[in-house]
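**Student:** Mind folding the following:
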Amino acid sequence: MTDSDVTILELKNAVKKFCDDRDWDQFHGPKELAIGASTEAAELLAIFRFLTDQQIGEALKDPKKREHMSEELADTFYFILRFAQMYGFDLSEGLASKLEKNEKKYPADKWRGSNKKYNEM
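**Tutor:** Residues are numbered from 1 along each chain as shown. All right, here's what the predicted structure looks like:
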């Protein structure tokens, strides 16, 4: 399964089946799933803690370190998918809507090359 041959709905369904097979709905309230997503994202961040840009570049080329990064990304994505699946969020629609809002907040002609927040410019 790769990004180019699977839909978000198929991923949501895979996560649902995995959880259904284990009777985990009872443990997946919104708070627990949000905590899980945040915790896993923090584990991804921890990989880069105290590394220089050069060391990060080297880590991204190291197969073992990339595997660890991939696992933490997957763990984070799992909780996001599960939250969306359990509570009826359409991730594609949500992303499209957020990109549209950000297009208005950060028009490319004014923000190209800038990392400032909308209220700093």
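**Student:** Using the three-state scheme, assign the residue nearest the centre of the chain.
**Tutor:** Nearest to the mean C-alpha position of the chain, by Cα atoms, centre = their mean, lies Phe77 at 4.7 Å. Per DSSP: H, G, I helix; E, B strand; the rest coil, the local secondary structure of Phe77 is helix.
**Student:** Leaving out chain neighbours, which residue sits closest to it?
**Tutor:** The shortest distance from Phe77 to any non-neighbouring residue, by Cβ to Cβ, 6 or more residues apart in numbering, is to Leu11 (8.0 Å). Quick note: C-beta positions are derived from backbone N, CA and C, even for glycine.
**Student:** ok, now Ala34?
**Tutor:** Phe83 (6.8 Å).
**Student:** Ramachandran coordinates for that neighbour?
**Tutor:** Main-chain torsions, Phe83, degrees, to the nearest 10: phi -60, psi -50.
**Student:** how about low-confidence regions in the protein?
**Tutor:** For the chain, not a single residue meets the criterion pLDDT under 70.
**Student:** So Ala34 versus Asp62, what's the distance?
**Tutor:** 31 Å (Cβ to Cβ, to the nearest Å).
**Student:** which outside residues touch stretch 21-37?
**Tutor:** The contact list for stretch 21-37 (Cβ atoms under 8 Å, 6 or more residues apart in numbering) reads Cys19, Thr76, Tyr78, Phe79, Ile80, Arg82, Phe83, Met86, Tyr87.
**Student:** Okay, buried residues for that stretch please.
**Tutor:** By 16 or more other Cβ atoms under 10 Å, the buried positions in stretch 21-37 come out as His28, Leu33, Gly36, Ala37.
**Student:** what kind of secondary structure is the third one in?
**Tutor:** Spelled out, it's Gly36. The three-state assignment at Gly36 reads helix, by three-state DSSP.
**Student:** I'd like the numbering to begin with 399 instead of 1 from here.
**Tutor:** Sure, I'll start counting at 399 from here, so that last one is Gly434.
**Student:** Look up how far Lys462 lies from it.
**Tutor:** For Gly434, the distance to Lys462 equals 25 Å [Cβ to Cβ].
**Student:** I'd say the residue nearest to Phe475 and Leu479 touch.
**Tutor:** Yes. Here Leu409 lies in contact with Leu479, judged by Cβ atoms under 8 Å, at a distance of 5.5 Å.
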